[in-house]
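K.L.:
Build me a model:
(2 chains)
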2 protein chains.
Amino acid sequence: MIRFQVIHKERNTRARLGIIHTPHGSFETPVFMPVGTYGCVKSLSPDDLREVGVKIILSNTYHLYLRPGHKLIERLGGLHKFMNWDGPILTDSGGFQVFSLSRLRKITDEGVIFQSHIDGSKHFMTPELSIEIQKSLGSDIIMAFDECAPYPAEREYIQKSVERTTAWAKRSLEALGKERSQAIFGIVQGGVYMDLREKSARELTEMDFDGYAIGGLSVGEEKSVRDKIIRETVPLLPEEKPVYLMGIGKPEDIIDAVIEGVDMFDCVIPTRNARNGTLFTKKGKIVIKNACYKEDERPIEEDCNCYTCRNFSRAYLRHLFLTRELLVYRLNTIHNLFFYSWLMEQIRKAIKEDRILEFRENFYKNREG
Amino acid sequence: MIRFQVIHKERNTRARLGIIHTPHGSFETPVFMPVGTYGCVKSLSPDDLREVGVKIILSNTYHLYLRPGHKLIERLGGLHKFMNWDGPILTDSGGFQVFSLSRLRKITDEGVIFQSHIDGSKHFMTPELSIEIQKSLGSDIIMAFDECAPYPAEREYIQKSVERTTAWAKRSLEALGKERSQAIFGIVQGGVYMDLREKSARELTEMDFDGYAIGGLSVGEEKSVRDKIIRETVPLLPEEKPVYLMGIGKPEDIIDAVIEGVDMFDCVIPTRNARNGTLFTKKGKIVIKNACYKEDERPIEEDCNCYTCRNFSRAYLRHLFLTRELLVYRLNTIHNLFFYSWLMEQIRKAIKEDRILEFRENFYKNREG
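P.N.:
Residues are numbered from 1 along each chain as shown, chains lettered A, B, ... in the order given. Sure thing, here's the model as predicted:
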């Protein structure tokens, strides 16, 4: 199980500094969780993760269920042992992937029939199976199985979807059992319909979850719409429990959501961008393949203390990227995750010192500069 | 420049323990050099190389000439600085790649016209250009430009080829100049014709090289033929200079050649095999994707002290390999190069203790077991 403490509430906003204690160690919030789909944050070893300041990773139920299979991981001692990561792990419910990756979906109140995106094999995902998988994996935080509705979608569809998500949340809790050793979060859905978000939040907060997530965002809606939903949803959730904004996001999105009271984030952006050669700096993004870096002897960022910046030039990284040398994916990922760790640390510091709004302003100012 | 000392001659064979001092540090021989084609041993960082016990790497003139270009590397301070490797580097001459990788080759006494295997652009490689490239790269050991003849080839062709290689060796030496700061090795060619090997060795040893390589082997000839050539060629080379067997090889080939007096080796086998999921152990090779490793909790090798074996199971490596996770290429490469470092260390120890024949016998015995 986990324990969440709020250490400090920022004076001018909803932002807050917290700490989450898990069976695999404690970490401060707001926190960013990199994604380790197949029991591995792509290209990085557990040592690398520690070195770049990662405190908790997210791993994907859907993927690990298909390969290598949760029962195999369970027989080998669980996901922590399997991947040799002794820090906290949160697993998603598989809901998002079933709806975004797999084919031939048939949704019923019972669950979702889907075809594997790997070999076309047919599977039936239910709240009970999702929880069984996450129990086998042994993650510190389990997510309730939800329906991640498409965008755009009619109000009627979303209404039905929210009802289903509530029913599935209840079944997820029941499947995990009362005497649980793993924490479980409920996921608020409702698309862009604020009244449905309210309904979802109300129904979920009546249940005994250890934290709450806001799901189904960053699926195509306008940022202003998303921001409004976040702003109006967070206050509907219990203050004493962590709030997790799923699948988000860009540095600016994280800062904005922190200000609205969000504690936890995950996103593939820093790791995927790294593999595509897009690197984060305080002044904005760098596309390393660009010709202007051909003879650039500087590191990605002058004052960055990551392994990549301490050892390699932009010119070398560009060369490795253009020749598709495997090393570059690791070096780029190390830098981007180090940047995200740095960002979250700066955010926590700014909250502590009641200057998160000033921090946001400076963050934007530096990027324009 | 380099300095070579023979520390101990094994009592029963031609095997010898030596030390080579270079501007970037010293290392003992017999030594194995992993291949870092594009200024990077595929998937490994310089820290990884040190950790697995690599003492000297080989980098490819042909590849670095095409991408990113030797002049760029020179402007950025040379290859050591570019790739952040402060240990010794040997660069090949580009000869082998011009003949094996490129298209539309036209060989004249002047040099070789070839088409880039990347973009089809036309280039003219000469001894002078090969040396210019290697000077720009700043490697510790330069290889003279040679013709790597095809196999099989008629005696007449090889005779002409040896004459050309001798002429190119002379031009390579002249291009480097008398006051050289980098060492240069000549390459004995001659195909499978021992009298031509003798001619090549005689002509090259009359020139002022710092070491001698045996080239043009492991191109398709029988092992017994190759062994005979090595056995009969080494005695033709000056005892006080290092002998380098190019492009070889498998552990058993290395042990056999060490016994004939070879000091230096390079080969893509440990690194390429790693990326293909073939892993070296004292008992032979493991193909990690095989179903028998699906739930195998053991490391690749029980008593191996490499990072991979200290931290991960065969089951996890198999999973990463089947899901094509980038991390596995690094973990496998770490293990295989660690194995090669271990092998070379054992070889040196056996030479020191005058029991290299016994070592070979045990090595084979363990593999059968």
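K.L.:
so A:Lys71, which of the three states?
P.N.:
With DSSP: H, G, I helix; E, B strand; the rest coil as the basis, A:Lys71 sits in helix.
K.L.:
That one is in contact with A:Ile133, isn't it?
P.N.:
No. Assessed by Cβ atoms under 8 Å, A:Lys71 is found out of contact with A:Ile133, at 9.0 Å. Backbone N, C-alpha and C define where each C-beta goes, glycine included.
K.L.:
So for the two, which sits in the more crowded spot?
P.N.:
Taking A:Lys71 and A:Ile133 together and counting by other Cβ atoms under 10 Å in any protein chain shown, A:Ile133 has the greater number of neighbours (25 against 12).
K.L.:
Next one: the more buried one from chain B, what distance?
P.N.:
15 Å (Cβ to the nearest Cβ, to the nearest Å).
K.L.:
which SS state does that residue fall under?
P.N.:
Look at A:Ile133: counting by three-state DSSP, its state is helix.
K.L.:
Then A:Ile187?
P.N.:
Classified using three-state DSSP, A:Ile187 is strand.
K.L.:
Same question for the one 3 residues further on.
P.N.:
Secondary structure, three-state DSSP: A:Gly190 is coil.
K.L.:
likewise A:Leu317?
P.N.:
helix.
K.L.:
ok, longest helix in chain A?
P.N.:
Using DSSP state H, we find that the single longest helix of chain A is helix A:326-352.
K.L.:
That helix and chain B in contact?
P.N.:
Yes. Helix A:326-352 reaches chain B (Cβ under 8 Å from any Cβ of the partner chain) through A:Leu326, A:Leu327, A:Tyr329, A:Arg330, A:Leu331.
K.L.:
closest to chain B among these?
P.N.:
Nearest to chain B among those is A:Leu326, at 4.1 Å by Cβ to the nearest Cβ.
K.L.:
mind listing what the closest one touches?
P.N.:
A:Ser43, B:Lys42, B:Ser43, B:Leu326, B:Tyr329, B:Arg330 (Cβ atoms under 8 Å, 6 or more residues apart in numbering or on different chains).
K.L.:
host element of the residue of the stretch 101-250 of chain A found nearest chain B?
P.N.:
Residue nearest to chain B within the stretch 101-250 of chain A: A:Ile118 (9.2 Å; Cβ to the nearest Cβ). Under the criterion DSSP states H and E, no helix or strand holds A:Ile118.
K.L.:
That one and A:Gly220, how far apart?
P.N.:
Counting by Cβ to Cβ, to the nearest Å, the separation of A:Ile118 from A:Gly220 is 26 Å.
K.L.:
in chain A, which residue is closest to the centre?
P.N.:
Nearest to the mean C-alpha position of chain A, by Cα atoms, centre = their mean, lies A:Asp266 at 1.6 Å.
K.L.:
Quick check: bridge partners of that residue?
P.N.:
Beta bridges link A:Asp266 to A:Met33, judged by DSSP bridges.
K.L.:
mind listing what it touches?
P.N.:
By Cβ under 8 Å, 6+ apart, A:Asp266 lies in contact with A:Phe32, A:Met33, A:Pro34, A:Val35, A:Leu58, A:Leu90, A:Tyr244, A:Met246, A:Gly247, A:Ile248.
K.L.:
Skip the chain neighbours and tell me the closest residue to the third one.
P.N.:
Take A:Pro34 and drop its neighbours on the chain: the residue closest to it by Cβ to Cβ, 6 or more residues apart in numbering or on different chains is A:Val41, 5.0 Å away.
K.L.:
Isn't the one you found up against A:Arg272?
P.N.:
No. A:Val41 lies out of contact with A:Arg272 (Cβ under 8 Å); the separation is 11.2 Å.
K.L.:
Have a look at these two and say which one is more surrounded.
P.N.:
Taking neighbours as other Cβ under 10 Å, A:Val41 and A:Arg272 compare with A:Val41 leading, 28 against 14.
K.L.:
pretty sure A:Arg226 contacts A:Gly220?
P.N.:
No. With contact defined as Cβ under 8 Å, A:Arg226 does not reach A:Gly220; the gap is 9.9 Å.
K.L.:
Mind checking which of the two has more residues around it?
P.N.:
Shown here are A:Arg226 and A:Gly220; by other Cβ under 10 Å, A:Arg226 has more neighbours (22 against 11).
K.L.:
what's near enough to touch the more buried one?
P.N.:
Per Cβ under 8 Å, 6+ apart, neighbours of A:Arg226: A:Leu217, A:Ser218.
K.L.:
Now for it, which secondary structure element holds it?
P.N.:
For A:Arg226, the host element (DSSP H and E) is helix A:223-233.
K.L.:
after that helix, next one along is what?
P.N.:
As assigned by DSSP H and E, the chain's next helix or strand after helix A:223-233 is strand A:243-245.
K.L.:
what angle sits between the following helix or strand past that next one and helix A:326-352?
P.N.:
Next in sequence after strand A:243-245, counting helices and strands by DSSP H and E, comes helix A:251-259. Angle of helix A:251-259 versus helix A:326-352, following axes from the mean of the first three to the mean of the last three Cα atoms, to 10 degrees, is 30 degrees.
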